[in-house]
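Colleague: Structure of the sequence below:
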Amino acid sequence: MTYDLLSIGAHPDDVEVGTGGVLIDQQKRGKKTGIVILTEGEMGTGGTAEIRSEEIKDAAQIMGTDVVQVFNWGDTKLEDSYAHRLELARVIRRCRPKILLAPYPHVGHGRRQSHPDHVASGIIAINAANLAALKKIDIEGEPHLVTRIFHYFLPPQVLPNFVVDITPHYDQWIKALSAHR
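Modeller: Presented below is the predicted three-dimensional model:
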């Protein structure tokens with residue numbers, strides 16, 4: 001299935017917090033959206049990997065998006081590796097998104113530093129998008145060029161290039177966030 005937009009998150013709930021309103025907005029505009037989660041969030045204080053998996057599905061249904069893939073790459077241990085790049089590149093080739101949303105791929109500084117898993121997921125997304133476009137890479141599917149990658153979870157010192165007004169979708173967004181009990 002071809003997607004207009006894929007949102008990548010390190011943990012269950014990252015996509016909902018960082019891009020949930022955008023996913024709802026795009027779905028209501030007739031765009032096909034999906035989410036990819038790179039860890040099971042097993043180190044989070046709220047629940048088990050199994051509970052968090054159910055919460056992802058519930059939130060996705062509320063947002064009108066698909067859970068495309070959930071990887072188990074280790075909560076608090078997520079690293080950019082060639083193997084992870086290839087796995088995500090396979091998903092990109094299979095889904096053929098025009099746009100990727102991913103966490104900001106650089107560490108912030110000061111009191112609100114970036115979570116290392118968020119930084120790693122942003123880097124993995126950029127590198128995977130590059131690999132997905134290569135003709136000679138040894139992975140399944142036809143090469144696919146992602147048109148744009150936009151980042152969320154910006155550190156305080158980084159200003160966004162644009163903002164999407166999600167006011168009309170606020171209640172639905174809160175409901176999706178509330179799926180993470």
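Colleague: what's the neighbour count on the closest residue in space to T65 that isn't next to it in sequence?
Modeller: Distance criterion Cβ to Cβ, 6 or more residues apart in numbering; nearest residue to T65, sequence neighbours excluded, is T33 at 4.4 Å. (C-beta placed from N, C-alpha, C; glycine too.) Neighbourhood size, T33 [other Cβ atoms under 10 Å]: 27.
Colleague: Look up how far G30 lies from I37.
Modeller: As for I37, its distance to G30 is 24 Å (criterion: Cβ to Cβ, to the nearest Å).
Colleague: can you pull the contacts of the residue nearest to T65?
Modeller: Each residue near T33 by Cβ atoms under 8 Å, 6 or more residues apart in numbering is listed here: 3-7, 23, 26-27, 63-66.
Colleague: Tell me the pLDDT of D117.
Modeller: What the model reports as pLDDT for D117 is 95.
Colleague: what packs against the helix or strand containing it?
Modeller: Using DSSP states H and E, D117 sits in helix 116-133. Judged by 3 or more Cβ pairs under 8 Å, 6 or more residues apart in numbering; DSSP states H and E, the packing partners of helix 116-133 are strand 5-9, helix 82-95, strand 99-103, strand 148-152.
Colleague: what's the most buried one of the ones you listed?
Modeller: When the helices and strands packed on helix 116-133 are scored by mean count of other Cβ atoms under 10 Å, the highest mean neighbour count falls to strand 5-9 (a mean of 29).
Colleague: What's the first helix or strand after that one?
Modeller: Next element after strand 5-9 (DSSP H and E): helix 14-28.
Colleague: which outside residues touch that next one?
Modeller: 4-5, 7-9, 33, 35, 37, 59, 63-65, 101, 103, 118, 121, 152-153, 164, 166, 168-170, 172-173, 176-177, 179-180.
Colleague: Same list, the contacts of T33, but as TSV with pLDDT and distance to R148 please.
Modeller: Output for those, formatted as TSV (pLDDT from 0 to 100; distance: Cβ to Cβ, whole Å):
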residue	pLDDT	distance to R148
Y3	98	13
D4	98	11
L5	98	9
L6	98	11
S7	98	13
L23	98	15
Q26	97	13
Q27	97	18
M63	98	20
G64	97	21
T65	98	18
D66	97	20
